[in-house]
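# missing the sequence, but the structure's below:
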């Protein structure tokens, strides 16, 4: 009977793609991505939703507690992902393509369909696998911040998803390994304007959780929209607050002072 047989490694990996690219609030049986993958695997949508819930219970950015029947496969795959996100995602994308293709659904649902388009400086790559891997990891980081900040800009409260950007506090290029690049403790969810100002060093975060504006930013000329943020407390995240070491790096290296 569908849903009773053991999950294969290929199925685990294909489900991981959904977990990393689909926001947690859409991990339900009504999501067409969930239904398509379930159909391709010959499983129920509910079984796919349960797999996503198990992944969430393993996810250090989610910190979910209460699920007691997490399989060794769930835990092992997450340990594999956190130790080698690029390699694991490349394998997962290959598995997703294979599952969807074998069911004749590859033209209806591809990994690229669910990837976000946040601006992020990434190493130049030439293969589709490497590009998709980087974008999947970027989507995971974005979704972690959307969840952590309730899908609202932590400075202005803007809640239009297309206007929100997952901002690294310690820049992606300077971060060392997945423990820095993928943790929500190294991120702020900002609207596009404040993200750009933060990235360019005109804004930073104080250790007291309040925004600071650079003295290099002139007053007037419309810049008051940023100056109004000076001393403004950012919204408190649900779980992971910005880590001090990342904030310190931004203050010392990125902020214009």
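Okay, I see it. All of these numbers come straight from a predicted model, not from anything done at the bench.
# Identify the residue nearest residue 17 in space, chain neighbours excluded?
Ranked by CB to CB, 6 or more residues apart in numbering and with sequence neighbours excluded, the top spatial neighbour of residue 17 is residue 96, at 4.4 Å. To be clear about C-beta, it is placed using only N, CA and C from the backbone, and glycine gets the same treatment.
# how close does the one you found get to residue 40?
Here residue 96 is placed at a distance of 9 Å from residue 40 (CB to CB, to the nearest Å).
# go on, residue 251?
According to CB to CB, residue 251 stands 48 Å off from residue 40.
# higher neighbour count, the two?
residue 40 (22 against 17; other CB atoms under 10 Å).
# For that one, give me the pLDDT.
Looking at residue 40, its pLDDT reads 93.
# Tell me the buried residues in the host helix or strand of it?
In this structure, residue 40 sits in helix 32-41 according to DSSP states H and E. For helix 32-41, a neighbour-count test (16 or more other CB atoms under 10 Å) marks 33-34, 36-41 as buried.
# Next: stretch 185-203.
185-195, 197-199, 201-203.
# ends of that stretch, how far apart?
18 Å (CA to CA, to the nearest Å).
# Quick one: distance of that stretch to the chain centre.
Remark: stretch 185-203 is offset 16 Å from the chain centroid, using CA atoms, centre = their mean, to the nearest Å.
# Ok, stretch 51-61 next?
With CA atoms, centre = their mean, you get 13 Å for stretch 51-61.
# Equivalent analysis for stretch 249-257, please.
Centre to centre, stretch against its chain (CA atoms, centre = their mean), the figure for stretch 249-257 is 24 Å.
# State the mean pLDDT of that stretch.
Here the average pLDDT along stretch 249-257 is 96.
# Tell me the buried residues in that stretch?
Under 16+ other CB under 10 Å, the buried positions of stretch 249-257 are 249-251, 254-255.
# Show me where the chain has its strands.
Assigned by DSSP state E, the chain shows strands spanning 164-168, 187-191, 203-205, 211-213.
# Packing partners of the last one?
The reference is to strand 211-213. Here strand 211-213 touches strand 203-205, going by 3 or more CB pairs under 8 Å, 6 or more residues apart in numbering; DSSP states H and E.
# can you list the domains in the protein?
According to automatic domain parsing, the chain comprises the domains 9-114, 149-254.
# Can I get those in JSON lines including distance to residue 136?
Formatted as JSON lines, these follow (distance: least, CB to CB, whole Å):
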{"stretch": "domain 9-114", "distance to residue 136": "5"}
{"stretch": "domain 149-254", "distance to residue 136": "11"}
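# what's the closest of those domains to residue 132?
domain 9-114 (5.2 Å; CB to CB).
# pretty sure residue 132 contacts residue 92?
No - look at residue 132 against residue 92 with CB atoms under 8 Å: they stay out of range, at 9.8 Å.
# and these two? which has more neighbours close in?
Between residue 132 and residue 92, residue 92 has the larger neighbour count (other CB under 10 Å), namely 28 against 24.
# got the contact list for that one?
Contact analysis of residue 92 by CB atoms under 8 Å, 6 or more residues apart in numbering lists 13-14, 16-17, 20, 136.
# That one - nearest residue in space that isn't next to it in sequence?
Residue 92 sits nearest to residue 13 (CB to CB, 6+ apart), 4.2 Å away.
# residues contacting that neighbour?
Taking CB under 8 Å, 6+ apart as the test, what residue 13 contacts is 77, 88, 91-92, 94-96.
# Quick check: the two most widely separated of those?
Most distant of the contacts of residue 13, by CB to CB, are 77 and 94, 14.4 Å apart.
# between these two, who's got more neighbours?
residue 77 (22 against 17).
# which stretches of the stretch 51-200 of the chain have low pLDDT?
63-69, 103-130 (pLDDT under 70).
# now the helices: where do they sit in it?
Using DSSP state H, counting those that start in this stretch, the helices of the stretch 51-200 of the chain run over 72-83, 85-102, 128-148, 178-181, 192-199.
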